[in-house]
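Novice: how would this look folded up:
(2 chains)
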Amino acid sequence: GAVVSQHPSRVICKSGTSVKIECRSLDFQATTMFWYRQFPKQSLMLMATSNEGSKATYEQGVEKDKFLINHASLTLSTLTVTSAHPEDSSFYICSASHLRGTGSYNEQFFGPGTRLTVL
Amino acid sequence: AQSVTQLDSQVPVFEEAPVELRCNYSSSVSVYLFWYVQYPNQGLQLLLKYLSGSTLVKGINGFEAEFNKSQTSFHLRKPSVHISDTAEYFCAVNYGGSQGNLIFGKGTKLSVKP
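Specialist: As a prediction, this is how the structure comes out:
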């Protein structure tokens, strides 16, 4: 159980175009989804946290107009990189958690990641 | 500030040797602790976690970790490594954020040599 998928797994696009990445929880309802970014040989950096039906909360330094996050349902969140540039090339990983109630830890389950290359 | 420190960026080791990957975190009243493994071009796979209870936690693939509150550490160990254990290992900590926010260490690259 607790499987999270991402699509596409790999995308190459031209500079200036927009790219949408999907994150789906396949066998549970994800009340919260997280988007991370990972540069080569570096750790994961949290970009934003989104709760179903509400606006995402972005981490400091992350441009909300550039990285559009939509969490329209309990099983789907999307990250759209608008007007992508080569410096946006990175590995994007999502995770999802299910609200388990007060006092319980809401464990995150990670997707397999999406490799974005902007030419 | 809340932080997670993985002291070794790279750990080379021979096959069948024991290994310890170190992780320290900044002190807090309550924490939840995790170790993840990442193979090249893949997402994160949970190795083990400490939420409460016994401080010695056993995970998948023969790994275990011990939560040491006084030393604010959560070191990962395996008594005998295999070539297939070659990967990047990340320690992560939740400092009690209600939504489960994780702070990751910078990772340790484990290289197992024949």
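
Novice: quick check: residues of chain B near chain A?
Specialist: Taking Cβ under 8 Å from any Cβ of the partner chain as the test, the list of chain B residues beside chain A reads B:32, B:36, B:41-46, B:49, B:51, B:90, B:94, B:98-102, B:104-107. Where you see a C-beta, it was placed from the backbone N, CA and C, and this is true even at glycine.

Novice: I figured A:M33 was touching A:S50, is that so?
Specialist: Yes: between A:M33 and A:S50 a contact is recorded at 5.2 Å, counting by Cβ atoms under 8 Å.

Novice: what sits in contact with each of the two?
Specialist: Shared contacts of A:M33 and A:S50, defined by Cβ atoms under 8 Å, 6 or more residues apart in numbering or on different chains, comprise A:71, A:77.

Novice: can you check the pLDDT for residue 54?
Specialist: No chain was given, so I picked chain A. Note on A:S54: pLDDT of 83.

Novice: switch to chain B, that's the one I care about
Specialist: Looking at B:S54, the pLDDT reads 91.

Novice: for A:S97, same thing?
Specialist: pLDDT recorded at A:S97 is 88.

Novice: now it: closest residue in space that isn't a chain neighbour?
Specialist: Using Cβ to Cβ, 6 or more residues apart in numbering or on different chains and skipping the chain neighbours, the partner closest in space to A:S97 is A:N106 (4.2 Å).

Novice: so what's the residue count around that neighbour?
Specialist: Neighbour count of A:N106, defined by other Cβ atoms under 10 Å in any protein chain shown: 20.

Novice: I'd like the distance between B:L56 and B:G62.
Specialist: The spacing between B:L56 and B:G62, counted by Cβ to Cβ, to the nearest Å, is 14 Å.

Novice: the two: which has the busier surroundings?
Specialist: B:G62 (14 against 11).

Novice: enumerate every residue touching the residue nearest the centre of chain A.
Specialist: Nearest residue to the geometric centre of chain A (Cα atoms, centre = their mean): A:W35, 3.1 Å. Going by Cβ under 8 Å, 6+ apart, A:W35 touches A:23, A:46-48, A:50, A:67, A:69, A:77, A:79, A:92-94.

Novice: where does A:D88 fall, phi/psi-wise?
Specialist: phi -90, psi -10 (degrees, to the nearest 10).

Novice: just to revisit the earlier point, and the contacts of A:W35, which is closest to A:T114?
Specialist: Nearest to A:T114 among the contacts of A:W35, counting by Cβ to Cβ, is A:Y92 at 4.8 Å.

Novice: partner strands of the helix or strand harbouring that closest one, with direction?
Specialist: A:Y92 is part of strand A:90-97, with elements assigned from DSSP states H and E. Using DSSP bridges, the strands paired with strand A:90-97 are strand A:32-38 (antiparallel), strand A:108-110 (antiparallel), strand A:114-118 (antiparallel).

Novice: how far out from the middle of the chain is the shortest one?
Specialist: Meaning strand A:108-110. 11 Å (Cα atoms, centre = their mean, to the nearest Å).

Novice: appreciated, that's everything.
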